[in-house]
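K.L.:
After the sequence you'll find the predicted model.
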Amino acid sequence: MHSNNSSTKTKAKIGILEIKIESEESAENRIDRILEILEGVQDKYFDLLILPELWISGAFDYKSNAEFSQSILQKVFMNISRIAAQKNTYIHGGSYPLKKFDGKRYNSALIFNNFGELICEYNKMHLFGFKDGERTVFEPGRRIVVTNIMGRKMGISTCYDLRFPELYVNQIELGAEVLIISAAWPTKRIDHWASLLQARAIESQAFVIGCNAKGWSMNIELGGRSSVFSPAGEKLSPIHSNGFLEFEIDLDIVTLIRAEFPVLQDRVQNAPFKRSL
C-alpha cells in the first residue's frame with residue numbers, strides 16, 4: 001500500500017489528529033499523551049498523519065513559546081522520526097517554537113517522511129496578533145514551501161496564512177496539488193476557517209486539508225472542525241478512528257478537475273493593470 005519517496009501514490013489515507021489542549025495539562029504530559037497515540041497507530045495504515053499548530057506550547061501562550069526548551073523539542077522530533085519510520089507513514093508534526101542558529105525563533109512546521117527523515121521545514125510567514133501576539137516571539141518566515149509527499153507536490157502553511165490567498169496562488173504555480181494547513185484557530189472565528197478552507201480548494205482546484213486544535217490556549221477557545229475539501233470544493237466526510245479523523249482521497253482527481261474545468265489557465269499573471277480611483 002505504501003510507497004517509497006520516488007514513486008507516486010494515487011489514493012492516500014490521511015489521519016488528522018485534532019489535539020485537545022488543556023490548560024491543566026503540562027507540556028511534558030501532553031507530549032507523552034500524543035506520542036502514545038501515534039505509537040498506537042497500526043503499521044502501514046495511514047499514508048500521512050497531521051498534527052495541529054503549536055500543540056505542545058499552546059498557540060496563544062506567548063511566554064511559553066518564547067521560553068520553550070529546545071532540548072525537549074529535539075526529543076519530540078526524534079520520537080516522531082522514529083514513529084514515522086516504524087509505521088511507514090509521513091508525519092506532519094504540526095508546528096513548534098523553534099530557535100534557529102541565528103538565535104531567532106520561528107513558528108516552524110516539520111514533516112518527516114516514511115523513513116523518518118526530516119524532509120520539510122516551513123516557517124510561518126503571516127504572524128497573528130497584528131503588532132503584538134506572535135510578533136513578540138517569532139520572526140516571520142520568508143520562503144513559500146511546496147514539498148514532495150508520496151510523490152505528490154503539497155503546499156505547506158500554518159493557521160493565519162490561510163487568510164492570504166496570494167500564498168496559495170504561488171504554491172499552485174509551484175505545482176501543488178494538495179494544500180495542508182496546520183492551525184490553532186479560535187472558536188470565535190471558526191466559520192471563517194471553514195469558509196476559507198473551502199475557498200482555497202475551489203480557487204486552487206486542489207485538495208485542502210485543515211488540521212485544527214481544540215480546547216483552550218490561555219483564555220482563547222480553539223475551534224476544532226478539522227476538514228478536508230476536494231478540488232471541487234466539496235467537504236469530505238471523515239471516519240472517526242482511534243482518536244483520528246480518517247479520510248481517503250484520490251489524488252488523481254486533481255488532474256481530472258483541472259482538465260474538465262481549466263480555470264487556472266485563465267489566471268492573469270503579471271498583467272499591466274490600470275488602477276483607477
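P.N.:
Done, it's in. None of these values were measured; they are calculated from a predicted model. Numbers count the residues shown, from 1 in each chain.
K.L.:
what about the strands in the stretch 51-200 of the chain?
P.N.:
90-99, 105-112, 118-123, 145-149, 152-158, 178-183 (DSSP state E, counting those that start in this stretch).
K.L.:
least trustworthy helix or strand in this protein by mean pLDDT?
P.N.:
Of all helical and strand segments in the chain, the minimum by mean pLDDT, DSSP states H and E falls on strand 239-241, at a mean of 89.
K.L.:
starting at the chain centroid, how far to that one?
P.N.:
Relative to its chain's centre, strand 239-241 lies at 19 Å (C-alpha atoms, centre = their mean, to the nearest Å).
K.L.:
helices or strands up against it?
P.N.:
Applying 3 or more C-beta pairs under 8 Å, 6 or more residues apart in numbering; DSSP states H and E, we find strand 239-241 packed against strand 244-250. Every residue, glycine included, has its C-beta placed from N, CA and C.
K.L.:
counting contacts, what elements does the strand it packs on pack onto?
P.N.:
Against strand 244-250 (3+ C-beta pairs under 8 Å, 6+ apart) you get strand 11-16, strand 239-241.
K.L.:
Note down every partner strand of the longest one and its orientation.
P.N.:
What that stands for is strand 11-16. Paired neighbours of strand 11-16 in the sheet (DSSP bridges): strand 48-50 (parallel), strand 244-250 (antiparallel).
K.L.:
tell me the helices in the stretch 1-150 of the chain, going along the chain?
P.N.:
Secondary structure of the stretch 1-150 of the chain (DSSP state H, counting those that start in this stretch): helices located at 27-39, 62-67, 70-87.
K.L.:
Give me the packing partners of the longest one, helices and strands only.
P.N.:
Secondary structure elements in contact with helix 70-87, counted by 3+ C-beta pairs under 8 Å, 6+ apart, are helix 27-39, strand 90-99, strand 105-112.
K.L.:
now the first one
P.N.:
Other elements packing on helix 27-39 under the criterion 3+ C-beta pairs under 8 Å, 6+ apart are helix 70-87.
K.L.:
Now find how far off-centre the helix it packs on is within its chain.
P.N.:
Computed by C-alpha atoms, centre = their mean, the chain-centroid distance of helix 70-87 equals 17 Å.
K.L.:
just stretch 130-142 next, same as before
P.N.:
Per C-alpha atoms, centre = their mean, the centroid offset for stretch 130-142 relative to its chain is 19 Å.
K.L.:
can you check stretch 21-30 too?
P.N.:
Distance of stretch 21-30 from its chain centroid, counting by C-alpha atoms, centre = their mean, is 21 Å.
K.L.:
Pull out the buried residues from that stretch.
P.N.:
21, 27, 30 (16 or more other C-beta atoms under 10 Å).
K.L.:
Not counting sequence-adjacent ones, nearest residue to the last one?
P.N.:
Same thing as Arg30. Spatial nearest neighbour of Arg30, excluding adjacent residues (C-beta to C-beta, 6 or more residues apart in numbering): Ile56 at 6.2 Å.
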